[in-house]
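> Got a predicted structure here, sequence first:
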Amino acid sequence: MRTFTIGGIHPPECKLTAGKSIVDMPLPKQAVVLLGQHIGAPTQAVVEKGAMVKTGQLLAKAGGFVSANIHSPVSGKVNKIAEVVDASGYPRPAIFIDVEGDEWMEGIDRSEDLISECDLEPAAIVQKINEAGIVGMGGACFPAHVKLTPPPGKKAEILVVNGVECEPYLTADHRLMLEKAPEIIVGIRILMKALNVDKAVIGIECNKPDAIELLQHIAKPYPAIEVMPLQMHYPQGGEKQLIEATTGRQVPSGCLPIEVGAVVQNVGTIFAIYEAVQKNKPLFERIVTVTGKSLSNAGNFRVRMGTPIKELLDFAGGLPENAGKVISGGPMMGKALASLDAPVAKGTSGVLVMDEADSKRGQASDCIRCAKCVAACPMGLEPYLLGALSEHKDWEGAEKQHMMDCIECGCCTFTCPANRPLLDYLRIGKAKVGALIRSRKQ
Amino acid sequence: MSPHFHSGDSVSKNMYNVLIALIPALAVSLIFFGWSALLVTAVAIASCVLFEWLITKFIMKRPCTIGDGSAILTGLLLAFNLPSNLDWWIIVIGALVAIGVAKMSFGGLGNNIFNPALVGRVFLLVSFPQQMTTWPKTVFQLKAQAADALSGATAAADATTGATPLGLIQAGMTEWLPSTWDMFIGNVGGSMGEVGALAILIGLIYLLVTKTITWHIPVSIFATVFIFAGILHLANPEAYVDPITHLLTGGLMLGACFMATDYVTSPMSKKGQLIYGAGIGILTICIRTFGAYPEGVSFAILIMNAVTPLINVYCKPKRFGRLKK
């Protein structure tokens, strides 16, 4: 079985909710819709306070090519446009909507019928994806239509579909593959048409044999679509690692996947694309895994964007007494929340409640130079050295040691026997080195 | 800040794994050298731990670090590098040099350049050359000797000390070498923990299975010694002993498995570790074959310890997405 070649770790899986079917989460009383839910230019609100909106109605327009429209996840009245502390811990502008009923925009097909054929031209497909405000739903939130528009001179050769879900605890993509497999295969065919590629590969880690088997069965009539079981190996869901695992190609440092002819989309994104193109449904809801060892009703929920995370926890049985922290995302790359009022956004793949006992970091001691971080780094970097350079504020030195190649997967900190917060140092270093590079360009 | 997950690995876990891996070698030294071996071990460990405690408490005024197990490990490895009949005060001096000079003066675990136990050992070797090279015979050698004396087979049978295999090679007395089997199980003269190749290999397997170390350093040392000594032996079998003898004698096994693999003083990248191991192998054979000392593993490791920072600068891990041009 294939995997990527450099570094990586094997964290415990903790997939507590793998057997839990997707359940519809009740609508919130008030939806808090962030104006920025993607990487790129911020959006501009097109509704005002007091306006009545319908589910699926455009709330905010993309602020540029690398940006994504925001649609209303609920119907009701705009209460205010104000700031809310989001998952990153910073206050961000958001539209607060008081929910009244659930009246959808006309033209959205709410039926469960599978629509397999798509007669649209490639440009029209990309246009529909653009209008629906779809972003990468694995967590990076990069606008999907940008990836589908290769820069001049570059040609996509293969579509790589990310069904890896290597983060411990998260099962949202797993459940989606089990419950929406035919839709995902249609979505892949639509994307292959949009990209004009004749090959697609779905990478799935072998701890999801049911999803592999099901997708292989449904993809059988389409020989151009290959379902590829992969070894379990974190961080295989990383774009560069997944491309190497499935195609054997290494994306050069500092380049995008299109450099080696690959376009990567997560299965959640593929499903959203299916709904946008075939059902005229913009992106305003997603599957969120709400999980934790002490959560009584952990599960996979279909949640409208803007639902406060507090309500997700209440739906999952309430915040346990021994909770130490609540994380948006998985334990390896997720962010600890500063406020439970933070709303679900397009990139919220999971909400993880960690017990207090598991939340504390060990006391850091001096580096013993055991080289375990060097062996674990999937980018072939030396985290101990980058950490030290960052500690000593040697940003030029850090740049020469390829600080910017770091993908922030956390393997170094995970593996460090001296409990050193290596990734914290590397994040600071990346910010500083990035600023240095930008100032040089000016 | 992510990650919110940790492997559960710790410095002390790694140190105690190495200690567990040394138990077979300790058992061998107790079997072959008797209670005196236990005494040497106890004195070495106790003085190493005591010195580390005194230094952290009264000189560095830092939280005590003896709980991480590294001082115990240094003591045990120091003891393994000593003859079992060494006077206790010499051991204490060795421990002071190992912990005080080689380790704590650099800032403690993680910051030292040279392997502390080896620095202690080499210091004693040059300061007390006679005591450090008077090797007691093993319990079984003494029994055999007594039997020989009873039957009147040998005349000079009253000595309780004997030469090490490498000493015999240095003196050109290769016909007196013990059998390969005796060298493999440890029934030969030498430093306490060095003699039992089999026991050390069992420890190595434990270290590899528990992922405490990787194979790169020991295997590159073994391979280099075997190839280099093999070439010399093939060129002139009269003058140079066979590579198997080189592998099984002296401190090579212990050095390759437990001293050269010290985290702090070995290179970080796999490529660097292979170069480091090859350097130790070549230097060891050079010193043994062409140098004044019969044994060269300690010196070879210390020299390569000194080269390690340079190796770290020039040997980088295989980077992702950076093809060689």
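Nice, I can see it.

> And the strands in chain B?
Per DSSP state E, chain B carries strands over the ranges B:135-136, B:161-162.

> tell me the phi and psi of A:Thr149?
Backbone torsions of A:Thr149, given as degrees, to the nearest 10, read phi -120, psi 80.

> Just give me the neighbour total for it.
16 (other C-beta atoms under 10 Å in any protein chain shown). All C-beta atoms are positioned from the backbone trio N, CA, C, and that covers glycine.

> Let me know whether it touches A:Gln127 as I believe.
No. With contact defined as C-beta atoms under 8 Å, A:Thr149 does not count as touching A:Gln127 (10.4 Å).

> If I average pLDDT within each of the strands of chain B, which one is lowest?
Looking at the strands of chain B, the lowest mean pLDDT belongs to strand B:161-162 (a mean of 70).

> from the strands of chain B, which stretch is densest packed?
The highest mean neighbour count among the strands of chain B, using mean count of other C-beta atoms under 10 Å in any protein chain shown, belongs to strand B:135-136: a mean of 22.

> neighbouring strands for it, and are they parallel or not?
Applying DSSP bridges, strand B:135-136 is found paired with strand B:161-162 (antiparallel).

> Excluding chain neighbours, give the residue nearest to whichever residue of the stretch 151-300 of chain A sits closest to chain B in space.
Proximity of the stretch 151-300 of chain A to chain B (C-beta to the nearest C-beta) peaks at A:Ser253, 4.3 Å away. Excluding the flanking residues, the one nearest A:Ser253 by C-beta to C-beta, 6 or more residues apart in numbering or on different chains is B:Gly321, at 4.3 Å.

> so what pLDDT did that neighbour get?
For B:Gly321, the predicted pLDDT is 87.

> can you list the domain ranges for chain A.
Using automatic domain parsing, the domain parsing of chain A gives A:1-24+A:108-360, A:372-441.

> Please tabulate these in a markdown table and include distance to A:Gly64 as additional columns.
Listed next are those as a markdown table, based on distance: least, C-beta to C-beta, whole Å:
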| stretch | distance to A:Gly64 |
| --- | --- |
| domain A:1-24+A:108-360 | 10 |
| domain A:372-441 | 18 |
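
> residue closest to the middle of chain B?
Most central in chain B under C-alpha atoms, centre = their mean is B:Gly255, positioned 3.4 Å from the mean C-alpha point.

> residues in contact with it?
Contacts for B:Gly255 (C-beta atoms under 8 Å, 6 or more residues apart in numbering or on different chains) come out as B:Ile221, B:Ile280, B:Thr284, B:Val297, B:Ser298, B:Ala300, B:Ile301.

> May I ask which two of those residues are separated the most?
Using C-beta to C-beta, the pair of these lying farthest apart is B:Ile221 and B:Ser298, separated by 13.3 Å.

> Count the residues that sit near the closest residue to B:Ile45 other than its chain neighbours.
Nearest residue to B:Ile45 in three dimensions, chain neighbours excluded: B:Gly75, at 3.4 Å (C-beta to C-beta, 6+ apart). Each residue near B:Gly75 was counted by other C-beta under 10 Å, and the total is 30.

> In this structure B:Gly75 contacts B:Ala44, no?
Yes. Contact criterion C-beta under 8 Å: B:Gly75 and B:Ala44 qualify, at 4.4 Å.

> and the residue nearest to B:Gly189 when sequence neighbours are not counted, what is it in contact with?
With C-beta to C-beta, 6+ apart as the criterion, B:Gly189 has its nearest non-adjacent residue at 3.9 Å, and that residue is B:Trp135. Residues in contact with B:Trp135, defined by C-beta under 8 Å, 6+ apart, are B:Pro83, B:Thr161, B:Gly162, B:Ala163, B:Thr164, B:Gly167, B:Gly189, B:Gly190, B:Ser191.

> Secondary structure element for A:Ile327, which one?
strand A:323-328 (DSSP states H and E).

> pLDDT on that strand, on average?
On average, strand A:323-328 scores 93.

> now swap in stretch A:133-148 and tell me
On average, stretch A:133-148 scores 91.

> Quick one: distance of that stretch to the chain centre.
Here stretch A:133-148 is found 9 Å from its chain centre; the criterion is C-alpha atoms, centre = their mean, to the nearest Å.

> Same question for stretch B:197-209.
13 Å.

> if we look at that stretch, which residues are touching it?
Here stretch B:197-209 has contacts from B:17-18, B:20-25, B:27-28, B:183-186, B:193, B:213-215, B:218, B:247-248, B:253-254, B:257-258, B:261, using C-beta under 8 Å, 6+ apart.

> For that stretch, what does the pLDDT average out to?
Rounded mean pLDDT across stretch B:197-209 is 94.

> mind listing the helices in chain A by residue range?
Ranges of helices within chain A are A:122-131, A:144-147, A:172-179, A:181-195, A:209-218, A:239-247, A:267-279, A:309-315, A:356-359, A:372-376, A:383-391, A:395-400, A:411-415, A:422-441, based on DSSP state H.

> Do I have it right that A:Cys206 meets A:Gln231?
Yes. When contacts are counted by C-beta under 8 Å, A:Cys206 is listed as touching A:Gln231 (6.4 Å).

> Give me the common contacts of the two.
Contacts common to A:Cys206 and A:Gln231, judged by C-beta under 8 Å, 6+ apart, are A:Met1.

> tally of neighbours for the closest residue to chain A within chain B?
Using C-beta to the nearest C-beta, B:Pro3 is the residue of chain B that sits closest to chain A, at 3.3 Å. By the criterion of other C-beta under 10 Å, B:Pro3 has 26 neighbours.

> Output the lowest mean pLDDT helix or strand found in chain A.
helix A:356-359 (a mean of 87; mean pLDDT, DSSP states H and E).

> that older thread, common neighbours of B:Gly75 and B:Ala44, please.
Common neighbours of B:Gly75 and B:Ala44 (C-beta under 8 Å, 6+ apart) are B:Ala95.
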